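# A structural model of the following input is requested.
(one chain, ligands or ions: 2)
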Amino acid sequence: MSRHVVVRDFERVPAEILKELAEEGASTVHEADGRRGAFTPELRPIQSGARIAGAAVTVSCHPGDNLMIHAAVETVRPGDVVVITTTSPSTDGMLGDLLATSLRAHGAIGVILDAGVRDAAELREMGFPVWARAISPQGTVKASPGSVNVPVAVCGQVVNPGDAIVADDDGIVVVPRDRAAAVLAAARKRTASEASKRERLAAGELGVDMYGLRPLLERLGVEYQ
Ligand SMILES: O=C([O-])CC(=O)C(=O)O
Ligand SMILES: [Mg+2]
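Residues are numbered from 1 along each chain as shown. Ligands and ions are numbered 1, 2, ... in the order given. Got it, this is the predicted structure:
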């Protein structure tokens, strides 16, 4: 039988860094990390306008079974984002307002769920953000072992416990813990340069001039008629 574990303690990206990563948002953070870390876009937010960054608590569940989400709750610390996946694809509604209430009571600020979510209206009402593969009433059981706070692969990315998860209306990005401070510095720079570009574009300046793209268009053989 394979070994299943619940890891209680691990290092997290510091809260000051997470707070600022949330302000930068998923797309900027992804660019700032050399276009790394973006989840493929199958997981969609069930609400709009939520923008969070937190340290990952990871949960690997048997499909159709939410036992390990319950086991994960006591490992959550304030500010964490719970990243849940299943060992084979599932859209069953593994988490709803009750589990969200329990996770929130221990400090979770949101959930990334590579499976189905339910009680969508109640979750929106609670203001508890969830990104999920599906919304589904399909219930799940509590019967199979899994693991908590081990590395998980979700939507093309590996998430280690304690990594930074940044999620908003654009999607989800993971930043490895040891790169988070450097990525934040790069994101700040990018945001500053975007502010001046935004002003110039609003004033009518053309991207082809601002980015110096005319020689490129010419080199590529694009003819103006
Ligand atoms: O209880 C469950 O299995 C999932 C759910 O609906 C909830 O957390 O509210
Ligand atoms: Mg429910």
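# Report the next helix or strand after whatever helix or strand Glu16 lives in in sequence order.
For Glu16, the host element (DSSP states H and E) is helix 15-24. Toward the C-terminus, helix 15-24 is succeeded by helix 26-32 as the next helix or strand (DSSP H and E).
# buried sites along the helix holding Glu16?
17-18, 20-22, 24 (16 or more other C-beta atoms under 10 Å). Yep, even glycine has a C-beta here, placed from its N, CA and C like the rest.
# now it: mean pLDDT?
Average pLDDT, helix 15-24: 98.
# One more: stretch 41-59?
Averaged over stretch 41-59, pLDDT sits at 98.
# Say whether ligand 1 is contacted by that stretch.
No. Judged by C-beta under 6 Å from any ligand atom, stretch 41-59 and ligand 1 are separated, with a smallest distance of 13.5 Å.
# List the residues that contact His30.
36-38, 173 (C-beta atoms under 8 Å, 6 or more residues apart in numbering).
# burial measure for whichever residue of the chain sits closest to ligand 2, as a count.
The nearest approach of the chain to ligand 2 comes at Gly96, 3.1 Å away (C-beta to the ion). Using other C-beta atoms under 10 Å, Gly96 is surrounded by 19 other residues.
# Asp209 too?
10.
# where does it fall, phi/psi-wise?
phi -90, psi -50 (degrees, to the nearest 10).
# For it, give me the pLDDT.
97.
# Over to the one 10 residues further on?
Model confidence at Arg219, given as pLDDT, is 98.
# Likewise for the one 4 residues further on?
Confidence per residue is given as pLDDT, and for Glu223 that number is 97.
# three-state assignment of the residue nearest the centre of the chain?
What sits nearest the mean C-alpha location of the chain, by C-alpha atoms, centre = their mean, is Ile172, with 3.3 Å. For Ile172, the secondary-structure state derived from DSSP: H, G, I helix; E, B strand; the rest coil is strand.
# what's across from it in the sheet?
Ala167 (DSSP bridges).
# Glu11: what secondary structure?
Quick answer, by three-state DSSP: Glu11 is coil.
# Run through the residues that contact it.
So Glu11 contacts 162, 177 (C-beta under 8 Å, 6+ apart).
# now it: how far from Ser196?
37 Å (C-beta to C-beta, to the nearest Å).
# Find the residue ranges of this protein scoring beneath the pLDDT cut-off.
Applying pLDDT under 70 to the chain flags the ranges 1.
# Quick check: end-to-end length of stretch 163-172?
13 Å (C-alpha to C-alpha, to the nearest Å).
# hmm, back to that, can you add neighbour count and secondary structure and give the contacts of His30 back as TSV?
Formatted as TSV, those follow (neighbours: other C-beta atoms under 10 Å; DSSP: H, G, I helix; E, B strand; the rest coil):
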residue	neighbour count	secondary structure
Arg36	16	coil
Gly37	25	coil
Ala38	21	strand
Val173	28	strand
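# Just give me the closest of those to ligand 1.
Val173 (26.1 Å; C-beta to the nearest ligand atom).
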